[in-house]
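Participant: structure for this input, please:
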Amino acid sequence: MNDVPTTVAAICRTLSARIANGEFNKDGKLPSERALSEQFSTTRITLQEALGQLEAQGMIYRQVRRGWFISPPRLVYNPLQRSHFHAMAQQQGRDAYTEVIDTATLPLYGELCQRLALPPGSEVYRIRRLRYIDDRAVLYCEHYLNPAYFAGILDEDLTQSLTGLYAERYDIRYGRVRFDMLPTLLPQEAAAMLKVTYGSPALFITRVNRDQHDRVIDCDLEYWRYDALHIDVEAQ
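Facilitator: Reported below is the predicted structural model:
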């Protein structure tokens, strides 16, 4: 091939243009690294650097043992709004569903006890869930609930919105909420669930929720794929 781009910058520009032109839109999957290396007459090292740069821009993403894919539009997330995950996705024309990984009753220690305003060693309910947008896992979440307010909740259908379940079953509605947001690297379990490489970048959100009576009711630990979320906040 003549005039084949071989530098990292040139490969990035060419792949970006091909993506913009809809070349890979059928299933969103890019050719294998070997095929791309041959197309660009370059080494796998150079190609991987270019793919890494496009990944850092949020243009493409990698799934372990599956290859590279075009990133779908980011989900716009306003933490000040009370819309739950499924409703938020639906409002943006996206399909969402939730998978329950497991549930447990366990003693809690350390910082999480402080966040839940409980003494060390207190038993809490833990619900671990994986949440999907358009069949792509984007959020690994651990929910820690004060069992004093949610008797029997682990026997409920936990694929549904907890917000709705709280209101319908327990007459509990969210009041004040505190968010902490930090860029981080995915821990091993979260990375495995999201099917990305261990240590990949993520947005880590800790959310402590109070109810309408100002009681601390739960704490959520959320690990978002960094290329799946757009934080958009407008305060009055």
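Participant: hey, let's count contacts and neighbours off CA atoms from now on
Facilitator: Noted.
Participant: please enumerate the strands of the protein.
Facilitator: For the chain, the strands defined by DSSP state E occupy 60-63, 67-70, 75-77, 96-107, 123-133, 136-145, 174-185, 201-211, 216-225, 229-231.
Participant: now those in CSV, with mean neighbour count, mean pLDDT and distance to residue 84?
Facilitator: Converted to CSV, the strands of the chain look like this (neighbours: other Cα atoms under 10 Å; pLDDT from 0 to 100; distance: least, Cα to Cα, whole Å):
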stretch, mean neighbour count, mean pLDDT, distance to residue 84
strand 60-63, 19, 82, 25
strand 67-70, 18, 87, 26
strand 75-77, 16, 89, 10
strand 96-107, 15, 97, 11
strand 123-133, 21, 97, 12
strand 136-145, 22, 96, 13
strand 174-185, 14, 93, 11
strand 201-211, 20, 94, 13
strand 216-225, 22, 96, 13
strand 229-231, 14, 88, 15
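Participant: turn these into TSV, including distance to residue 90.
Facilitator: Shown next, in TSV, are the strands of the chain (distance: least, Cα to Cα, whole Å):
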stretch	distance to residue 90
strand 60-63	23
strand 67-70	21
strand 75-77	10
strand 96-107	7
strand 123-133	10
strand 136-145	15
strand 174-185	21
strand 201-211	22
strand 216-225	18
strand 229-231	15
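Participant: nearest to residue 152, of these?
Facilitator: Residue 152 lies closest, by Cα to Cα, to one member of the strands of the chain: strand 123-133, at 10.1 Å.
Participant: quick one: residues in contact with that closest one.
Facilitator: For strand 123-133, contacts defined as Cα atoms under 8 Å, 6 or more residues apart in numbering pick out 89, 94-108, 137-147, 154, 193-194.
Participant: could you give the angle of that strand to strand 96-107?
Facilitator: Going by axes from the mean of the first three to the mean of the last three Cα atoms, to 10 degrees, strand 123-133 is angled at 160 degrees with respect to strand 96-107.
Participant: list the strands paired with strand 123-133, with their directions.
Facilitator: strand 96-107 (antiparallel), strand 136-145 (antiparallel) (DSSP bridges).
Participant: need those in CSV (columns: distance to residue 184).
Facilitator: CSV is the format used below for the strands paired with strand 123-133 (distance: least, Cα to Cα, whole Å):
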stretch, distance to residue 184
strand 96-107, 22
strand 136-145, 14
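Participant: wait, which of these is closest to residue 14?
Facilitator: Of all those, strand 136-145 sits nearest to residue 14, with 25.9 Å by Cα to Cα.
Participant: centre of the chain to the closest one, how far?
Facilitator: 7 Å (Cα atoms, centre = their mean, to the nearest Å).
Participant: put the alpha carbons of that strand into PDB.
Facilitator: Extracted in PDB, the C-alpha atoms of strand 136-145 (Å, rounded to 0.1, in the frame of the first residue of the first chain):
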ATOM      1  CA  ARG A 136     -22.300  -3.300  27.700                       C
ATOM      2  CA  ALA A 137     -21.300  -3.500  31.300                       C
ATOM      3  CA  VAL A 138     -20.500   0.000  32.400                       C
ATOM      4  CA  LEU A 139     -21.000   0.100  36.200                       C
ATOM      5  CA  TYR A 140     -19.900  -2.300  39.000                       C
ATOM      6  CA  CYS A 141     -21.700  -1.300  42.300                       C
ATOM      7  CA  GLU A 142     -21.600  -2.400  45.900                       C
ATOM      8  CA  HIS A 143     -24.600  -1.200  48.000                       C
ATOM      9  CA  TYR A 144     -24.300  -1.300  51.800                       C
ATOM     10  CA  LEU A 145     -27.700  -1.000  53.600                       C
END
